[in-house]
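Asker: Pasting a predicted model and its sequence here:
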Amino acid sequence: MNASDPIVFMIDDDAAVLEALTRLLRAFDLNVAPFTSPKEFLEQFDPDLHGCLVLDVAMPHWNGLDLQQELSARGNQLPVIFLSGHGDIPMSVKAMKQGALDFLTKPIQGQDLLEAIHNAIDKDRMNRQSRTELTDIMERLATLTPREREVLDHVVSGRLNKQIAADLGTVEKTIKVHRAHLMKKLKVRSLADLVRLTERSGIRSIAPDQNHYQH
C-alpha cells in the first residue's frame, strides 16, 4: 500500500460487520485496513500513515474510548469516527469531548459513513499540513542567534528599534542589523508576517503593555 494514500483503519470485533463495511468502502476506491481488535491495530499501526480511524465503541477488553485515549497519550491525532450499536448518548458525548470527529449509530447508512470518512481524511490532511508548517517555523527560529532571538522578542512586543537598543544596551543601528538578519532567516518581509509567524509558534509578547508597532 502506498504510504502517501490515505487509509481508513477499521476496527470492529464483529467479523461480519467488519467485512461488510470493508467491502463497501473498497467499492468506493478507499484503502481500508481492517482489524478485529484495538490490540491488533496497535501492533501494526504506523503513525506516519495518514487517513482516519473508524472503530466500534463497544468491544471486549479494550473499547473504542480506551483506544482513543491511548492514541491521544501517544500524541497521535488521527481523526476518529465511532460506530455504536447502542446509540449511547453519554458515551457519544465523552467521545466527542475526547476529540472524536463523528459518532454514527448502527445500522450505519453507507452515505453517512462515506461522508464522515471523507471529512476525516480532509481533516487529517489539514492537521498534517499544519504540523509540517509548524515544524518548518520552529526550524527557522532555531537558526537565530541568542541576540537575534532577544531582538525578535522585543520586536513582536511592539518595541521600536531605539527602545530595543536602550533595553539591550546597544545602539539603534545594531538593532536594525539584527532585525534585518532575523527577518531574512525567518523568511518574512513585514512586521505583520513576523507577528503571525511568532503567534503560530507560540511565542508571546514579553511586554504586552507596549502596543506601538514600528512600520
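Answerer: That came through fine.
Asker: any idea how far Glu40 is from the nearest residue to His50 once chain neighbours are set aside?
Answerer: Leaving aside its chain neighbours, His50 sits nearest to Asp124 (5.2 Å; criterion: CB to CB, 6 or more residues apart in numbering). For every residue, glycine as well, the C-beta is placed using N, CA and C. According to CB to CB, to the nearest Å, Asp124 and Glu40 sit 21 Å apart.
Asker: Asp136 too?
Answerer: Asp136 is 35 Å from Glu40, by CB to CB.
Asker: Can you list the buried residues in the longest helix belonging to the chain?
Answerer: Longest helix of the chain, by residue count under DSSP state H: helix 110-141. For helix 110-141, the buried set under the neighbour-count rule, 16 or more other CB atoms under 10 Å, comprises 113, 116-117, 120-121, 124, 137, 140-141.
Asker: quick one: average pLDDT of that helix?
Answerer: What helix 110-141 shows for mean pLDDT is 93.
Asker: What's the first helix or strand after it?
Answerer: Next in sequence after helix 110-141, counting helices and strands by DSSP states H and E, comes helix 146-155.
Asker: so how far is that next one off the chain centroid?
Answerer: 28 Å (CA atoms, centre = their mean, to the nearest Å).
Asker: now stretch 152-161
Answerer: Centroid separation for stretch 152-161 versus its chain: 29 Å, with CA atoms, centre = their mean.
Asker: next one: stretch 145-162
Answerer: 29 Å.
Asker: Check stretch 30-42 too.
Answerer: Relative to its chain's centre, stretch 30-42 lies at 22 Å (CA atoms, centre = their mean).
Asker: Contacts made by it with the rest, please.
Answerer: Contacts with stretch 30-42, where a contact means CB atoms under 8 Å, 6 or more residues apart in numbering, come from 1, 5-13, 15, 18-19, 22, 25-26, 44, 51, 55, 59, 61-62, 64, 66-67, 70, 117.
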